[in-house]
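Peer 1: curious how this folds, go ahead:
(2 chains)
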Amino acid sequence: MSAEAAAPDAATSDRAGWRDRITAEALIVLFAIPVIVVVGFASYAVYVQTSSTYADDVVVNNALGYGTIVAQTGEHLLLTFVAALLVVAIAVPLGVVLTRPRTRFLAPPVVGVANAGQAAPSVGLIVLAAIWFGFGFWTAVGALTVYAILPVLANTIVGLQGVDRTLVEAGRGLGMSSWSVLLRIELPLALPVIMTGVRTALVLLVGTATLATFIGAGGLGGTLQTGISLLRYPVIVWGAILVALLALLIEWLGRVLELVARPKGV
Amino acid sequence: MWQFFLDRQPQFWALAYGHALLVLLAVVIGTVIGVAVAVVVTRQPRLAPVANAISSIGLTLPSFALVGLLLPLTGIGPISALICVTFYAIFPVMRNAVVGLQGVDATLVESARGMGMGQVAVLRKVQLPLAWPVILAGIRVSTQMSIGVAAIAAYVLGPGFGAWIFTGLTQIGGVNAEAYVLIGTLAAVVIALVFDLVLLALGRVTIPKGIRA
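Peer 2: Residues are numbered from 1 along each chain as shown, chains lettered A, B, ... in the order given. Reported below is the predicted structural model:
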């Protein structure tokens, strides 16, 4: 009888759960971005096919041709994702260490240093890295990684600290080792918060990767730089639009990841 | 490096002044716009998520891309830089102002209205003071971001230490490249810390006594 009484309750709370899971804001973003991106790329294709500026000006033609744009987009995505993987590989374990009872006291100084580091302008970090380690892909990846660690680290710490202590106690009481409590209780419960940090880091990375072209690491910033230094307005504007579209796409991907990675009961 | 700094002291202080002024102007203008939009948006509950979605999308745009987009419109120079930095300064303030204003207890607004206050008075004496700590937190985020964006805006000759960073970039391999970039970057960090301290102090002074943590 109690089960029957609970059933409709469960149904409504399930629906309410879906509502809670996705805010109106996230819904708008999830629907608006694909529309903007499709319209944006379609306009670029139409421009390349029809504009006389594109056909007549060799500089514009080279900078905005499909070959250049596809290659730069590939470089841009590679920079973004390699750096994002490194960020997660460094920040999540570090966040775990900084929330363990024995090493917890290290959290405030580490987060403080990371905060101050975040205040450094990204372009300064990238150029400094190039001076110290030379031009190229891996230098850019290193600078990007350093720059994007903070959001994931901070969110991992906050997420793990937010896990109800009684659940950890209960897990220990069931005979789980501290490892399996971490892997099966704490990290899954903290995952939504961590994923929000990962999304923030992805957006930061895709934006900052625009600057990688300054140190010869490629990416869509190259088109912009060409446009600005040769003063071709179509190249500048389309370069900027394509970079912006790519960033929107990454933000969208981050939002989807955030939804997918959320464990069911949370 | 110390000698390098001493040799270029006048230029250093000019850049520091330019960088700080650019950020200050952008954050002040951004705060006014962000709070104004938030006030309008929180009157209409349906608009709040739209405003937040616009903030999310706006913050996604890479600053270098915005610099490029502005170039044909406003040309090379400080105006482009100011518009660019202001654009990013708006969103964190706007988002926090929406949260802060929505967090004001409706019964307090009711009682203020019941005491005979007009809408403007309620906003000025009840809602904004109560939302102020959250708004101020948004202003701190905006300020930190603006300092980094200002450095990138130097690519289109905006004022500030970005100039030294790009000078160092073009001189890589030269003796002074490292000094230019390192001093430029560290100076930006120092400016960020100073601004943050000032904003913390501002919070101490301006957050109403009754809601101070």
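
Peer 1: where in the stretch 1-150 of chain A is pLDDT low?
Peer 2: Low-confidence segments of the stretch 1-150 of chain A, defined by pLDDT under 70: A:1-21.

Peer 1: the helices in chain A, which residues?
Peer 2: A:2-21, A:24-50, A:52-56, A:58-64, A:66-97, A:107-118, A:122-133, A:137-161, A:165-173, A:178-181, A:187-208, A:221-229, A:233-261 (DSSP state H).

Peer 1: B:P129 is nearest to which of these?
Peer 2: helix A:24-50 (26.1 Å; Cβ to Cβ). Every residue, glycine included, has its C-beta placed from N, CA and C.

Peer 1: now that closest one: buried residues?
Peer 2: A:25-26, A:28-30, A:32-33, A:37, A:40-41, A:44, A:47-48 (16 or more other Cβ atoms under 10 Å in any protein chain shown).

Peer 1: report the contact partners of the residue most central in space within chain A.
Peer 2: Centroid-nearest residue in chain A: A:L202, 1.4 Å away (criterion: Cα atoms, centre = their mean). Taking Cβ atoms under 8 Å, 6 or more residues apart in numbering or on different chains, we find A:L202 in contact with A:80, A:84, A:250-251, A:253-254.

Peer 1: got a list of what the residue lying closest to A:L202 once chain neighbours are set aside touches?
Peer 2: Take A:L202 and drop its neighbours on the chain: the residue closest to it by Cβ to Cβ, 6 or more residues apart in numbering or on different chains is A:G254, 4.7 Å away. A:G254 is in contact with A:198-200, A:202-203, counting by Cβ under 8 Å, 6+ apart.

Peer 1: just send the buried residues of helix A:24-50 back as CSV, with distance to A:A209 too.
Peer 2: Below are the buried residues of helix A:24-50 laid out as CSV (distance: Cβ to Cβ, whole Å):
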residue, distance to A:A209
A:E25, 26
A:A26, 24
A:I28, 26
A:V29, 21
A:L30, 23
A:A32, 23
A:I33, 19
A:V37, 18
A:G40, 18
A:F41, 19
A:Y44, 19
A:Y47, 24
A:V48, 23
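
Peer 1: so where's chain B shaky on pLDDT?
Peer 2: B:213.

Peer 1: sorry, back to before: quick check: the farthest pair among the buried residues of helix A:24-50?
Peer 2: Farthest pair in these, by Cβ to Cβ: A:E25 and A:V48, 34.4 Å.

Peer 1: quick check: next helix or strand after the longest helix belonging to chain B?
Peer 2: Using DSSP H, we find that the single longest helix of chain B is helix B:9-43. As assigned by DSSP states H and E, the chain's next helix or strand after helix B:9-43 is helix B:47-60.

Peer 1: from the contact counts, what lies against that next one?
Peer 2: Counting contacts by 3 or more Cβ pairs under 8 Å, 6 or more residues apart in numbering or on different chains; DSSP states H and E, helix B:47-60 packs against helix A:24-50, helix A:187-208, helix A:233-261, helix B:9-43, helix B:78-102.

Peer 1: thought A:E25 was touching B:P49, still the case?
Peer 2: Yes - if you go by Cβ atoms under 8 Å, B:P49 and A:E25 touch, sitting 4.3 Å apart.

Peer 1: number of residues surrounding A:V256?
Peer 2: 12 (other Cβ atoms under 10 Å in any protein chain shown).

Peer 1: which non-adjacent residue is nearest it?
Peer 2: Here the residue nearest A:V256, using Cβ to Cβ, 6+ apart, is A:L30, at 7.4 Å.

Peer 1: surely the one you found touches A:L253?
Peer 2: No - assessed by Cβ under 8 Å, A:L30 is found out of contact with A:L253, at 10.8 Å.
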